[in-house]
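# pasting the structure only:
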Ligand SMILES: Cc1cc2nc3c(=O)[nH]c(=O)nc-3n(C[C@H](O)[C@H](O)[C@H](O)COP(=O)(O)OP(=O)(O)OC[C@H]3O[C@@H](n4cnc5c(N)ncnc54)[C@H](O)[C@@H]3O)c2cc1C
Ligand code: SF4
Ligand code: SF4
């Protein structure tokens, strides 16, 4: 027998990153009952894990946390965290999502977020939320400003010692908790499933995971973050304060050998941002950026780049061929200088790979929206309607549609919410007037077909 809990909303937003939260808030503020479905144990996406953000150098969590809290406390928003979307389909004029909530092994109605279980748990494993540089317990609140502030038990590493259950003041631990199934229906949906970093392990000549002190840019975000693993920037292999840090640009973008031929659009800017932050926290360190070309395309971005040069950050126009283990934990960078020095090698205490963006979710087999040649969700009117997909009533926001920065993600998320609201209004008007709702998205069937086959 199908025992799925059934819920009905006006709108579903898939993905609780900054894009999904913005769409959900814009819909909810207009009075639409909105469900946010997030696969992680907390909402917030990548932005809540960043240090500061270009080009303003605002603290990322200071901007993201209020949005997360606003969504969590909004009367019209219901959050479904730790959920896998099995299937999204259009059925009888509605969008139906079949969702499985993985067990946290914690009753979230009872958990008060006191962390006593976390302090008591004897198991410590590397914490991916902190770039793998520090440990976390087998039961823990995912990170300091996670929403919801509810514990989650990692069943793979738990040794079932029972300590968390005996210390928990509310009896929230449920070792035999089972997955829950939900069937969520709505009239419209926004896909805001974001991005993942390109897997640099595939680029063997860069030695990620093999050469000590080669890290990726998200790990550097954590080293720079106020609640980072060490509280300061230290070299991971031996804890030394690095005197020289290098960035390798396009390490996972514009590289057909990795199947990523596009530019990820944010890596130049985040490398410049991190370099500026490093100059602030390590004033004596030399920071070098090896780049093919710098793409500083947004408002005030060129000025940001010029400021970085004025601060003494060294920009070397070069193609990095490979990395190697150097002397005393250093990393040797072999590169071809594009401005005359030819093939050269230099050593740095640490190297950061500026990884690119891959789609955060592939809808294939789960949702009948099309994807483009780059794997991101295809928009059928990329110029004039960047949030329209080829599935009626389903819109896309943020990096789910392609690489972009936070400003563009927020702008698109507002656009997607507006399209969804227009769609809901048209449905309502059609129902009121008793007319056939043949194309509330404003696109005739013929135009949809045309656009899809562009
Ligand atoms: C190292 C680094 C530094 C950066 N620094 C900056 C900066 O300083 N300034 C700037 O403007 N931009 C910066 N960016 C870019 C910025 O992170 C993105 O623009 C922004 O986070 C995109 O938000 P999003 O909501 O589209 O995606 P995400 O943040 O990826 O959110 C997507 C959410 O959807 C969830 N999800 C995915 N699939 C599913 C599914 N099937 N079901 C349910 N949930 C799902 C994910 O768990 C995630 O929570 C940086 C990027 C990187 C990699
Ligand atoms: S599970 Fe219990 S001990 Fe752990 S945070 Fe929640 S209330 Fe506290
Ligand atoms: S039962 Fe598992 S999660 Fe709980 S304290 Fe023991 S090892 Fe940690």
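Received, thanks. Just so you know, these numbers come straight off a predicted model, no measurement behind them. Residues are numbered from 1 along each chain as shown. Ligands and ions are numbered 1, 2, ... in the order given.

# ranges for the helices of this protein?
Using DSSP state H, the helices found in the chain span residues 18-29, 60-73, 116-120, 163-167, 217-224, 267-281, 301-310, 406-433, 445-452.

# can you say which of these is nearest to residue 352?
Set against residue 352 and scored by C-beta to C-beta, these come closest in helix 217-224, at 4.9 Å. In short, each C-beta sits where N, CA and C put it, glycine included.

# return the most buried member of the helices of the chain.
Mean neighbours per residue, mean count of other C-beta atoms under 10 Å, is largest over the helices of the chain for helix 18-29, with a mean of 28.

# any idea of the mean pLDDT in that helix?
The pLDDT scores in helix 18-29 average 98.

# return the residues of the stretch 201-350 of the chain in contact with ligand 1.
217, 218, 221, 266, 270, 273 (C-beta under 6 Å from any ligand atom).

# out of these, which is nearest to residue 122?
For these, the closest approach to residue 122 (C-beta to C-beta) belongs to residue 218, at 28.7 Å.

# thought the closest one was touching residue 131?
Yes. At 6.8 Å, residue 218 and residue 131 qualify as touching, with contact defined as C-beta atoms under 8 Å.

# ligand 3: which of the helices of the chain is closest?
Of all the helices of the chain, it is helix 163-167 that lies closest to ligand 3, at 3.2 Å by C-beta to the nearest ligand atom.

# now for that closest one, which elements pack on it?
helix 116-120 (3 or more C-beta pairs under 8 Å, 6 or more residues apart in numbering; DSSP states H and E).

# what's the helix it packs on in contact with?
Counting contacts by C-beta atoms under 8 Å, 6 or more residues apart in numbering, the residues outside helix 116-120 that touch it are 137, 139, 140, 141, 151, 163, 164, 167, 168, 169, 173.

# just the buried members of these?
Among the contacts of helix 116-120, those scoring as buried are 137, 139, 140, 141, 151, 163, 164, 168, 173 (criterion: 16 or more other C-beta atoms under 10 Å).

# can you list the residues you listed in a markdown table and add pLDDT?
As requested, the buried ones among the contacts of helix 116-120 are exported to a markdown table (pLDDT from 0 to 100):
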| residue | pLDDT |
| --- | --- |
| 137 | 98 |
| 139 | 98 |
| 140 | 98 |
| 141 | 97 |
| 151 | 98 |
| 163 | 98 |
| 164 | 98 |
| 168 | 98 |
| 173 | 98 |
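
# make TSV from the residues you listed and add distance to ligand 3 to it.
Output for these, formatted as TSV (distance: C-beta to the nearest ligand atom, whole Å):
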residue	distance to ligand 3
137	6
139	4
140	9
141	13
151	9
163	4
164	3
168	9
173	7
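
# of these, closest to ligand 1?
residue 141 (16.6 Å).

# is the closest one in contact with residue 153, as I believe?
No. Applying C-beta under 8 Å as the test, residue 141 and residue 153 come out as separate, 11.3 Å apart.

# what is the neighbour count of the residue in the stretch 251-400 of the chain that ligand 3 sits nearest to?
With C-beta to the nearest ligand atom, the shortest gap between the stretch 251-400 of the chain and ligand 3 falls at residue 360, namely 28.4 Å. Residues lying near residue 360 (other C-beta atoms under 10 Å) number 21.

# nearest residue to it in space, please, no chain neighbours.
Sequence neighbours aside, residue 194 is the residue nearest to residue 360 in space, at 3.9 Å (criterion: C-beta to C-beta, 6 or more residues apart in numbering).

# quick one, what contacts that neighbour?
By C-beta under 8 Å, 6+ apart, the residues touching residue 194 are 15, 17, 19, 20, 45, 46, 360, 361, 398, 399, 400.
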